[in-house]
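can you look at this prediction? I've put the sequence above it.
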Amino acid sequence: MFLGHYAVAMAAKRAAPATSLGTLFLASVFIDLLWPALLLAGVERARVDASIPGLAPLAFEHYPVSHSLLMVVVWALLLGGAWFAVAHQRRGAIVVATLAVSHWLLDALVHRPDLPLAPAGEARIGLGLWNVPWGSVLVELALFACGLALYLRSTVGQRRWPLWMLCAVLLLIFAGDLLGPPPPSITAVAWVGLAQWLLVAAGWWVDRPVPGGRPAVAATL
Ligand SMILES: [Zn+2]
């Protein structure tokens, strides 16, 4: 899942209008920002396996810290708590925590059964929509369209061209993943994954109010 995580963050702007899209992105992709760092540190393991049919030719061998449900709930509570401490926005904090958990639920839709429920234990979850490429693409694009529509309805006072640029970049990355060759190595996957910090930064940039423009519902944090 790629676009879907950004889509739910855009949709969440309606529930937390005073929280910046960058913060919402950070929450919804948080465990995918953590995962590459843990891969590079050797704490978690995955490998590229071009023989896996369908989308995402990756074998997620061991990722209990970033992607077990129990740890995701812990990360969500920490993120929500941190956001409440920084911004004093109860609503924003609840939305941030919910978005962090939404990541696991959306991953569970597309991943093959490799998502652990707890750091220890054998139970693995995954409905495997990646095995049906057209189905995954349809779900991701539908989520993206809904998320974008809700974001547009929830915001005023921003220039729109940064948003269109961000959307174009997200769609290009999605298309590149779909149509490009398998990644050369898991290290390359990790570095590309870390580059998602740039998309989080873009979220803050896109969502900032225009100086001297109409008063924005939008956020400064
Ligand atoms: Zn993930």
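Perfect, I can see it now.

those helices in this structure, which residues are they?
Using DSSP state H, the helices of the chain run over residues 3-12, 21-28, 30-40, 64-67, 69-87, 90-110, 133-154, 161-179, 186-194, 196-206.

hmm, Trp114 is touching Gly126, no?
Actually, residue 114 is Asp. It isn't Trp. Yes. With contact defined as Cβ atoms under 8 Å, Asp114 counts as touching Gly126 (5.6 Å). Using the backbone N, CA and C atoms, a C-beta is placed for each residue, glycine as well.

middle-most residue in the chain, spatially?
By Cα atoms, centre = their mean, the chain has its centre lying nearest to Val29, at 2.8 Å.

what's the spacing between that residue and the ion?
Separation of Val29 from the ion (Cβ to the ion, to the nearest Å) stands at 8 Å.

give me the phi and psi angles of that residue.
When read as degrees, to the nearest 10, the backbone of Val29 gives phi -110, psi 10.

can you pull the contacts of it?
Val29 makes contacts with His5, Tyr6, Ala9, His103, Gln196, Leu199, Val200, as judged by Cβ atoms under 8 Å, 6 or more residues apart in numbering.

return the member of those residues nearest to the ion.
Proximity of those to the ion, judged by Cβ to the ion, is greatest for His103, which lies at 5.7 Å.

surely that closest one meets Leu24?
No. If you go by Cβ under 8 Å, His103 and Leu24 don't touch, sitting 11.8 Å apart.

more crowded one of the two?
Taking neighbours as other Cβ atoms under 10 Å, His103 and Leu24 compare with Leu24 leading, 28 against 25.

point out where the protein drops to low pLDDT.
Along the chain, the model assigns pLDDT under 70 to residues 210-221.

what does it put close to the ion?
Contacts of the chain with the ion, taken as Cβ under 5 Å from the ion, map to Asp32, Asp107.

ok, now with 8 Å
If contacts are counted using Cβ under 8 Å from the ion, the residues of the chain sitting beside the ion are Met1, His5, Val29, Ile31, Asp32, Trp35, Ser66, His67, His103, Trp104, Asp107, His111.

just send those back as TSV, with distance to Leu178 too.
As requested, the residues of the chain next to the ion are exported to TSV (distance: Cβ to Cβ, whole Å):
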residue	distance to Leu178
Met1	13
His5	16
Val29	18
Ile31	22
Asp32	17
Trp35	20
Ser66	24
His67	22
His103	20
Trp104	23
Asp107	17
His111	17
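
what's the closest of the residues you listed to Pro184?
Nearest to Pro184 among the residues of the chain next to the ion: Trp35, at 18.3 Å, using Cβ to Cβ.
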